[in-house]
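S.K.: Sequence first, then the predicted structure:
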Amino acid sequence: MPTQAKAEVIEKLRTHLAGARTAVVTGYRGLTVRQLSELRRQLKGAAAEYRVVKNRLARIALEGSPLERLRPHLSGPVGVVLGRKDPVAVARVLSAFVRTTPALEVKAGVVEGQLLEPTALRAVADLPSQEVLRGQLVGALQGPMAALARLLTASHRELTYTLAERGKGATAAPTAE
């Protein structure tokens, strides 16, 4: 049975895990305090946080949660990245940080309920942001609708041009030959 202090840590961790859309388990062995602070600062910009956790307490906190599939990856000194908003932004920050600081080991993550390995997380980082995807969707939907509108007005436009040309010919004075 955990002590009262540990029970409070578990409950606090459960609260943080409950609001997360993205959770990534990382190994931080070999990172300096300055590097961890820099990672936390970058993640804060992506509406995410980095928490160093005790494996045993994290396993207990993960029980029964949608993130429970991360339990096997809790070995060695680990930290958990918890993202509340855009999973792509979190994956981008982690991917960029790993490129500059390879000591950070991405073990696995859960994004929108799906368990992802490190290579899949890198693929998520390469996705465009939600705003860009929405813009692409609007553009894809707008193109065929605009083409349909042009097609439907084409016959009216051609008729108008034809009548205008005929009107010019009728008003012009006939030439004598």
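M.R.: Arrived safely. Numbering: from 1, shown residues only.

S.K.: roughly how far is the lengthiest helix in the chain from the heart of the chain?
M.R.: If you go by DSSP state H, the chain has its longest helix at helix 130-171. On the basis of C-alpha atoms, centre = their mean, to the nearest Å, helix 130-171 sits 36 Å off its chain's mean C-alpha point.

S.K.: For the protein, just list every one of the strands.
M.R.: 22-27, 48-53, 78-83, 105-111, 114-116 (DSSP state E).

S.K.: May I see those arranged in TSV, with mean neighbour count, distance to Ala164 and mean pLDDT as well?
M.R.: No exception for glycine: its C-beta is placed from N, CA and C like everyone else's. Converted to TSV, those look like this (neighbours: other C-beta atoms under 10 Å; distance: least, C-beta to C-beta, whole Å; pLDDT from 0 to 100):
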stretch	mean neighbour count	distance to Ala164	mean pLDDT
strand 22-27	24	61	86
strand 48-53	18	63	86
strand 78-83	23	61	87
strand 105-111	21	60	84
strand 114-116	16	61	79
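
S.K.: Give me the pLDDT for Gly30.
M.R.: Per-residue pLDDT puts Gly30 at 85.
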